[in-house]
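Participant: I'd like to go over a predicted model; first the sequence, then the structure.
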Amino acid sequence: MIKILLITLLSALLLTSCSNPDTSSGTDMEEQGGDGTESFPDGVCPDGNTQYKCGWISSSEGIEKSYYIKPGANLVGAKLLGANLTGANLADAYLMGLNLENVNLAGANLAGANLRSANLRNANLTGANLADGNLRDTRLPDANLSSANLSGANLEYADLNRVIANTSTTCPNGQPWVKPVWGGGNGNDCGF
């Protein structure tokens, strides 16, 4: 009886130690770039691009979970509240519904990223590339979009209250941001 119990326990331990990383949240945990062990921002992006940054980042909400920042990453369900993702390469990434409040994405590449229904309240998107991104239903109050590229981005139903922009911010129509007509400017299609 003890022999059977011991074999059962050892089998369970071996199965547990040899299993893949936890992906129960649906988060893409695939290792790519370099040897896949580098922390953000020191990882090598899979495409070899050195302008933007990749690598592992730990959850900012006190849970033992890590996420690999890379182009095309599926980060749905990730816990990144208040994270510093300056210069991150998240082109074509899936960030739908994420709470990214107070996240620093200055200079990040989010071209083609799906940010639908994400919360980017008070996010720093200074100089970020959001070209062709899906920002439908995204909450952006008090976000800093100075010098950001929004050309071709979908801002339908986005909450753009009190966003910060400047004449280096590119609107979805490819034109530079200008002060809205109601604020004494010429107006544009940025919606803010």
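Facilitator: All right, it came through fine. Residues are numbered from 1 along each chain as shown.
Participant: neighbours of E101, just the number please.
Facilitator: Using other CB atoms under 10 Å, E101 has 18 neighbouring residues. C-beta: built from backbone N, CA, C; applies to glycine.
Participant: I'd like to check which residues are in contact with it.
Facilitator: By CB atoms under 8 Å, 6 or more residues apart in numbering, E101 lies in contact with 81-82, 119-123.
Participant: try it again with 10 Å
Facilitator: When the contact criterion is CB atoms under 10 Å, 6 or more residues apart in numbering, the partners of E101 are 80-82, 118-123, 139, 141-143.
Participant: Let me know the pLDDT of it.
Facilitator: Note on E101: pLDDT of 94.
Participant: now it, nearest residue through space, not along the chain?
Facilitator: Counting by CB to CB, 6 or more residues apart in numbering, R121 is the residue found nearest to E101 once chain neighbours are left out, at 4.6 Å.
Participant: What of Y94?
Facilitator: With CB to CB, 6+ apart, the residue lying closest to Y94 is N74, at 4.5 Å.
Participant: what's the neighbour count on that neighbour?
Facilitator: N74: 19 surrounding residues under other CB under 10 Å.
Participant: where along the protein do the helices fall?
Facilitator: For the chain, the helices defined by DSSP state H cover 2-17.
Participant: where are the low-confidence patches of it?
Facilitator: 1-37, 60-64, 179-189, 191-192 (pLDDT under 70).
Participant: the strands in the chain, which residues?
Facilitator: Along the chain, counting by DSSP state E, strands occupy 55-58, 66-69.
Participant: hey, which of those is tucked in deepest?
Facilitator: Greatest average neighbour count among the strands of the chain goes to strand 66-69 (a mean of 23), per mean count of other CB atoms under 10 Å.
Participant: Only alpha carbons, please: show stretch 120-139 as PDB.
Facilitator: Extracted in PDB, the C-alpha atoms of stretch 120-139 (Å, rounded to 0.1, in the frame of the first residue of the first chain):
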ATOM      1  CA  LEU A 120      -5.600  53.900 -20.900                       C
ATOM      2  CA  ARG A 121      -6.700  56.500 -18.300                       C
ATOM      3  CA  ASN A 122      -3.700  58.700 -17.500                       C
ATOM      4  CA  ALA A 123      -1.400  56.600 -19.700                       C
ATOM      5  CA  ASN A 124       1.800  58.200 -21.100                       C
ATOM      6  CA  LEU A 125       1.700  57.600 -24.900                       C
ATOM      7  CA  THR A 126       4.100  60.400 -25.700                       C
ATOM      8  CA  GLY A 127       5.700  59.600 -29.100                       C
ATOM      9  CA  ALA A 128       3.900  56.200 -29.300                       C
ATOM     10  CA  ASN A 129       3.100  54.700 -32.700                       C
ATOM     11  CA  LEU A 130      -0.600  53.800 -32.700                       C
ATOM     12  CA  ALA A 131      -1.000  53.800 -36.500                       C
ATOM     13  CA  ASP A 132      -3.800  51.500 -37.700                       C
ATOM     14  CA  GLY A 133      -4.600  50.500 -34.200                       C
ATOM     15  CA  ASN A 134      -8.000  49.600 -32.900                       C
ATOM     16  CA  LEU A 135      -8.900  51.900 -30.100                       C
ATOM     17  CA  ARG A 136     -12.700  51.600 -30.400                       C
ATOM     18  CA  ASP A 137     -14.400  52.000 -27.100                       C
ATOM     19  CA  THR A 138     -11.000  52.700 -25.400                       C
ATOM     20  CA  ARG A 139     -10.900  54.900 -22.300                       C
END
